[in-house]
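>>> sequence? don't have it. structure:
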């Protein structure tokens, strides 16, 4: 690939290509070999974003009425669980001069509404479906075929690998998804993470939820397990993307959202940082210190707060427990204002904030009401499904 690298956080990182590109390349290669009845070593495709890929063809099996081959998925320097797997295509003729793509072993089946494909369809997303179909038509045109072509996509290790992805949470069972809008994998792509968050939100919307439960990561999930009776799939893991997640939740028409997270991330919201990754800023000490000034904390303690690294350490510098609570309450108030200003009132945001050492720190006015609403909805939903 030209322009095969991208700079991420000052590091030169190699791009890769998607499962959709692999499926398209395997399809095109299989179609040509079906017509020619002889093997090829490489195949060239143009991805949806215009990148030219020249890929090695593997596992070739040529028969008179079908050809199977595979392309090795290369995710570049992106930490993708699908890196190195084989994406297979089996291409056969269609007497009705139709061109289509179907899923086979290791390609997941959609079981919940709200995803890119309808319930019951194999999880081959719209762009790959289009590029695969177009590859079949291209070969038919090039070789003046009077028959149509069908490509069956399979991933022998797909079901096993899918257990390590979001697919089970999304309601995609039996395998991985064939994905990609550009055809190219950008290392550590924020867009890919945000798209995954949006997919989970879409699924919960299709279930009829009005109140969502979101958390930045594993600390929040662990806290929910210890303190509430929510199932793992109840909460949506949003990583650092608090702002973009809230924007999308509001856009989708949800009424309420409950955010549960560690103060190490959530305190940044009091400073207006809606992407909580450290590369975008770290105002935690300044926020705690500013609140401490308003609460009458002494100069020596303020200096120690500014020299502290973790939120636990910052708060523990305030030995007077009443003043510590007052500091936290001021921060909670600022978080509440900023979160609900972000959504312009389209969705009501409540939250619970904690740390590992100090445990529960604070919550917004209706946080527990929201938690109870989520729990009741789930119990009613479970009961309805039993009937």
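Here it is on my side, so go on. Predicted, not measured: the structure shown is a model, and the values here were computed from it. Numbering: from 1, shown residues only.

>>> every contact and neighbour count from this point should use C-alpha atoms.
Fine.

>>> now do the SS call for residue 128.
Under the three-state scheme (DSSP: H, G, I helix; E, B strand; the rest coil), residue 128 adopts helix.

>>> spit out the contact partners of it.
Taking Cα atoms under 8 Å, 6 or more residues apart in numbering as the criterion, residue 128 is in contact with 20-21, 23-24, 178-181.

>>> okay, it and residue 98: tell me how far apart.
Residue 128 sits 17 Å away from residue 98, going by Cα to Cα, to the nearest Å.

>>> same thing with residue 119?
For residue 119 relative to residue 98 (Cα to Cα), the value is 23 Å.

>>> do residue 148 as well
The gap separating residue 148 from residue 98 is 5 Å, by Cα to Cα.

>>> what about the two, which has more around it?
The residue with more neighbours, out of residue 148 and residue 98, is residue 148; 17 against 14, by other Cα atoms under 10 Å.

>>> residues near residue 332, how many?
Per other Cα under 10 Å, the neighbour tally for residue 332 reads 23.

>>> what is the host helix or strand of it packed up against?
Using DSSP states H and E, residue 332 sits in helix 321-342. Packing partners of helix 321-342 (3 or more Cα pairs under 8 Å, 6 or more residues apart in numbering; DSSP states H and E): helix 242-251, helix 284-294, strand 348-355, strand 359-363.

>>> averaged over its residues, what pLDDT does stretch 249-257 have?
When pLDDT is averaged over stretch 249-257, the result is 95.

>>> parallel or antiparallel, list what pairs with the strand or helix carrying residue 87.
Taking DSSP H and E as the criterion, the element that holds residue 87 is strand 86-94. Partner strands and pairing direction for strand 86-94 (DSSP bridges) are strand 66-72 (antiparallel), strand 148-154 (antiparallel).

>>> identify the residues contacting it?
Strand 86-94 is contacted by residues 19, 22-23, 26-27, 30-31, 34, 65-73, 147-156 when judged by Cα under 8 Å, 6+ apart.

>>> and for stretch 227-240?
169, 194, 197, 200-201, 212-217, 221, 224-225, 245, 265, 274-277, 375.

>>> first-to-last residue distance for it?
23 Å.

>>> can you give me the mean pLDDT across it?
Average pLDDT, stretch 227-240: 86.

>>> same thing with stretch 290-309?
Stretch 290-309 shows a mean pLDDT of 94.

>>> which of the residues in that stretch are buried?
For stretch 290-309, burial by neighbour count (16 or more other Cα atoms under 10 Å) applies to 290-292, 295, 297, 301-302, 304-305, 308.

>>> thank you, goodbye.
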